[in-house]
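>>> Structural data only, the sequence is not supplied:
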């Protein structure tokens, strides 16, 4: 079902400032940076072993991450698990009564397919499922 932790998503107000902090303090340089219009974020991946820290800056205040920052401030936004067969997994979870934010996968960073699970079904943790694009 879950193949491993893909990344930990961290909501930040300013991506460049956050990148300086993470690189300066921990030596983590971005391996990928992308504007993901569909999700309303500019994101950067910092590699940590086979997983990543994903820094997420909102493209505007009315985006999901923008609203998150307004209500909770910067910090851990979600935990993302790497999966294979995301479509089948979403059907299985829905059949179990898991409350899904996304009933169908959508485009994520680096061409991945992603879907979110409502925190009410995950002990108040926003969970993202990530099926990486081929080659990632």
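Noted; the coordinates are in hand. Since the model is a prediction, treat every value here as computed from it, not as a measurement. Numbers count the residues shown, from 1 in each chain.
>>> only C-alpha atoms for contact and neighbour calcs from this point on.
Will do.
>>> can you pull the buried residues of the longest helix along the chain?
Secondary structure of the chain per DSSP state H: the longest helix is helix 15-26. Applying a neighbour-count criterion of 16 or more other Cα atoms under 10 Å, the buried positions in helix 15-26 are 15, 18, 19, 22.
>>> what sits up against it?
For helix 15-26, the external contacting residues (Cα atoms under 8 Å, 6 or more residues apart in numbering) are 12, 28, 29, 30, 42, 43, 44, 55, 56, 57.
>>> Of the buried residues of helix 15-26, just say which sits nearest to residue 35.
Closest to residue 35 out of those is residue 15 (11.1 Å), distances taken as Cα to Cα.
>>> isn't residue 34 right next to residue 42, touching?
Yes: with contact defined as Cα atoms under 8 Å, residue 34 reaches residue 42; the gap is 5.8 Å.
>>> And those two? Which one has more around it.
More crowded of residue 34 and residue 42, by other Cα atoms under 10 Å: residue 42, with 18 against 14.
>>> what residues does the helix or strand harbouring the more buried one touch?
Take DSSP states H and E as the rule and residue 42 turns out to sit in strand 41-48. Taking contacts as Cα under 8 Å, 6+ apart, the residues outside strand 41-48 that touch it are 15, 28-36, 52-59, 63, 65, 109.
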